[in-house]
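Trainee: I would like the atomic coordinates for the input below:
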Amino acid sequence: MTAMVHATREARTRRIPLPLTAAMIVSFWALAAFLVFETHQLLAPIPALGVALGKIVVIVAVAWAYMRLASPAATLDHALLVGIVWFALGIGAEIAMTFNAHHAWFFLLGSPASSALRAVMLAAWVGTPALFARNRS
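Mentor: From the prediction side, this is the model:
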C-alpha cells in the first residue's frame, strides 16, 4: 500500500519538459485570445461592462482548463508565470494587430478609454491561472 501511495505522489509531481510546457502555455493563450475576440464580437451591442464580464468569464474558463489539464500539479509560482506570459502575449498580439490594421486594436486587453475595465482585464489575464493552483510553493 505504501508503495502505491508513493508512486501516485511521484506521478503527480513529475516534471513536464520545458518545451512542452511552453507549447501548452502558448496554445491555451491562443485559445483564450480567440475566444475573447469572439466574445467581444458577439457581445459588442451590449454595454462595455457586459463585454468585459464576458471576456473575463472566458479567461477564467481557459485558465481553469489549463491548470487542470495541462498542469494539474502546478504551484502558485507557475500559475503566476503563466499569467504573466499570457499578459505579455496579449500585449504583443495587440501591438501586432494595431500595426497590421493601421488603427488601434484593443480586443484582448481592453480599451484605454475605460481605464477601470482595462485594469480589471489586465488583472484577469495575469491572476486567473493563480486562482486554480493547487500546490503552494
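Trainee: From here on, just use CA atoms for contacts and neighbour counts.
Mentor: OK.
Trainee: so where's this protein shaky on pLDDT?
Mentor: Scanning the chain for pLDDT under 70 picks out 1-14, 136-137.
Trainee: Tell me where it has helices.
Mentor: 2-12, 18-43, 48-65, 76-101, 115-131 (DSSP state H).
Trainee: Surely L43 touches A52?
Mentor: No: the criterion here is CA atoms under 8 Å, and L43 misses it with A52 at 9.2 Å.
Trainee: Between these two, which has more neighbouring residues?
Mentor: Using other CA atoms under 10 Å as the criterion, L43 and A52 rank with A52 on top: 23 against 15.
Trainee: what sits against that one?
Mentor: Contacts for A52 (CA atoms under 8 Å, 6 or more residues apart in numbering) come out as 110, 117, 121.
Trainee: and A23, how many neighbours?
Mentor: So A23, with other CA under 10 Å, has 11 neighbours.
Trainee: let me fix that: P19
Mentor: 9.
Trainee: from here on, count from 24
Mentor: Sure, I'll start counting at 24 from here, so that last one is P42.
Trainee: who's in contact with it?
Mentor: Here P42 is in contact with no residue (CA under 8 Å, 6+ apart).
Trainee: go with 10 Å
Mentor: Counting by CA atoms under 10 Å, 6 or more residues apart in numbering, P42 touches I48.
Trainee: any idea how far it lies from A102?
Mentor: Distance, P42 to A102, by CA to CA, to the nearest Å: 17 Å.
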